[in-house]
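>>> Sequence first, predicted coordinates after that:
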Amino acid sequence: MRPFKFTPGLDVSNAIQYRAANTNASFLAGGTNLLDLMKEDVAHPDELIDISSFPAAVLYGSHSQSPKGGLSISAWAKNTQTANHPQIRKSYPLLTQAILAGASAQIRNMASNGGNLLQRTRCSYFYDTAMPCNKRVPGSGCSAKEGINRMHAIFGWSDSCVAVFPSDMAIALSALEASVGITTKEGQALIIPFDQFHRLPGDHPEKDNNLPEGAIITHIELPENNFADHSAYLKVRDRASYAFALVSVAAALEIKDDRILKARISMGGVAHKPWRATKAEDMLKGKRPTLANFERAAASEMKAAKPLQHNKFKIEMGKNTIVRSLEMALNTSNI
């Protein structure tokens, strides 16, 4: 690991000022991804601005309510705090399920909500500094595209990058249609809809998200919904713990009179960002929640998949995971 300066941030404004004075500095909250990247010489900031001591109550704001209803959660709260908060478990059980499916208890105890959204891909070529990687060194090439790409994307990839986004929490937030609250380096408070926060690779895979330069995430807004009684997160992986998803699905249903009023489905392990299965969602609207309808919706979504040499199995796995997660959501009432 290269030497770096450690600078305690006093508050959001103070931390942003430090970052503005040194564009090679990075904010440090839990550090569960950043420190790994520094140890592997993938990231090498020369200053870490500590924001881990900022107020970390899970629910954000004086009344813990966002302007549009629902809840706002602090970006500095730990994943474990968030997953186990009674109000989150009651109103947004999908988020609890997704967080608890990720990493290990030790990492969840350290990882912050904001940092979870900013983590980098776990592509082995990205971490191997001896190999070309456009995400790490723009213009150097994508080793994974013609390499061992079993874990890689089947949606939204480009010739520049076929990596996938590793977060479980973000998949649930995508299905819940959350928003990300930020403060820019100019001190402006902005709200970014979740589907606009992360990016597909295109010609600039080095850009994981649309967070403005020097900005900091302050909170995540969860809108009101009627999904609490019918939601499920299903993660398919090589082993039962400490593994990233081959395919994961966050499914949420609003059902009335045996009809689906709304369906929200987001997939992980298949794209450079959380992948909203909008074709499947549209097909399910107004339909009865039957296995046959779930299967047709899943098949319609997976038609657009473009597998690589080693991950063709993700198409059938994706269909089955969508169907199974919808069945679980239908039959699961809260947690």
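Great, that's in hand.

>>> quick one: low-confidence parts of the stretch 201-335 of the chain?
333-335 (pLDDT under 70).

>>> Who are the packing partners of the helix ranked longest in the chain?
When the chain is parsed with DSSP state H, its longest helix is helix 313-331. Secondary-structure packing of helix 313-331 (3 or more Cβ pairs under 8 Å, 6 or more residues apart in numbering; DSSP states H and E): strand 231-236, strand 247-256, strand 259-268, helix 291-302. Every residue, glycine included, has its C-beta placed from N, CA and C.

>>> end to end, how far does stretch 137-146 reach?
One end of stretch 137-146 to the other measures 17 Å (Cα to Cα, to the nearest Å).

>>> ok, and what's touching that stretch?
If you take Cβ atoms under 8 Å, 6 or more residues apart in numbering as the criterion, stretch 137-146 is touched by 123-125, 128, 131-134, 152, 159-163, 204-206, 308-309.

>>> quick one on the thing from earlier: contacts for the longest helix of the chain, please.
Contacts for helix 313-331 (Cβ under 8 Å, 6+ apart): 154, 230-234, 236, 246-253, 255, 263, 265, 267, 269-270, 277, 280, 284, 289, 291, 294-295, 297-299, 301-302, 305, 307.

>>> quick one: secondary structure of the most centrally placed residue in the chain?
Nearest to the mean C-alpha position of the chain, counting by Cα atoms, centre = their mean, stands Ala170 at 2.4 Å. Using DSSP: H, G, I helix; E, B strand; the rest coil, the structure places Ala170 in helix.

>>> What sits closest to it if chain neighbours are left out?
Nearest non-adjacent residue to Ala170, counting by Cβ to Cβ, 6 or more residues apart in numbering: Pro274, 5.1 Å away.

>>> Let me see the domain layout of this protein.
For the chain, automatic domain parsing gives the domain ranges 5-52, 231-331.

>>> Would you mind giving the helices and strands packed on helix 313-331 as a markdown table with mean neighbour count and distance to Phe197 added?
Converted to a markdown table, the helices and strands packed on helix 313-331 look like this (neighbours: other Cβ atoms under 10 Å; distance: least, Cβ to Cβ, whole Å):
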| stretch | mean neighbour count | distance to Phe197 |
| --- | --- | --- |
| strand 231-236 | 25 | 19 |
| strand 247-256 | 25 | 16 |
| strand 259-268 | 24 | 13 |
| helix 291-302 | 19 | 22 |
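
>>> where in the stretch 1-150 of the chain is pLDDT low?
Across the stretch 1-150 of the chain (using pLDDT under 70), the flagged ranges come out as 60-69.

>>> all helices for it, in order.
12-21, 34-39, 79-84, 86-91, 93-100, 105-110, 113-118, 124-127 (DSSP state H, counting those that start in this stretch).

>>> Go through the second one and flag the buried ones.
What that stands for is helix 34-39. Within helix 34-39, the residues scored as buried using 16 or more other Cβ atoms under 10 Å are 34, 37-38.

>>> And the contacts of it?
1-2, 4, 26, 28, 43-45, 48, 115, 120.

>>> now the shortest one
By Cβ under 8 Å, 6+ apart, the list of residues contacting helix 124-127 from outside reads 40, 42, 120, 131-133, 135-136, 142-144, 147-148, 163.

>>> Please pick the buried ones from those residues.
If we count by 16+ other Cβ under 10 Å, the contacts of helix 124-127 have these buried: 42, 120, 131, 133, 135-136, 142-144, 147, 163.

>>> Quick one: those as CSV, columns for distance to Val12 too.
Converted to CSV, the buried ones among the contacts of helix 124-127 look like this (distance: Cβ to Cβ, whole Å):
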residue, distance to Val12
Val42, 27
Arg120, 23
Met131, 37
Cys133, 32
Lys135, 28
Arg136, 29
Cys142, 36
Ser143, 38
Ala144, 37
Gly147, 41
Ala163, 30
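
>>> Figure out how far stretch 267-278 is from the centre of its chain.
9 Å (Cα atoms, centre = their mean, to the nearest Å).

>>> quick one: Phe54 and Ile220, what's the gap?
15 Å (Cβ to Cβ, to the nearest Å).

>>> Give me the more crowded residue out of the two.
Ile220 (29 against 20; other Cβ atoms under 10 Å).

>>> Go ahead and report the secondary structure state at that one.
Applying three-state DSSP: Ile220 is strand.

>>> show me the contacts for it.
72-73, 75, 113-114, 117, 173, 178-181.

>>> Likewise for His152?
123, 144, 162-164, 308, 310-311.

>>> now the residues you listed: which count as buried?
For those, buried by 16+ other Cβ under 10 Å: 123, 144, 162-164, 308, 311.

>>> Now tabulate those residues in CSV and tack on distance to Ile191.
Shown next, in CSV, are the buried ones among the contacts of His152 (distance: Cβ to Cβ, whole Å):
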residue, distance to Ile191
Cys123, 30
Ala144, 34
Val162, 31
Ala163, 27
Val164, 26
Leu308, 35
Asn311, 35
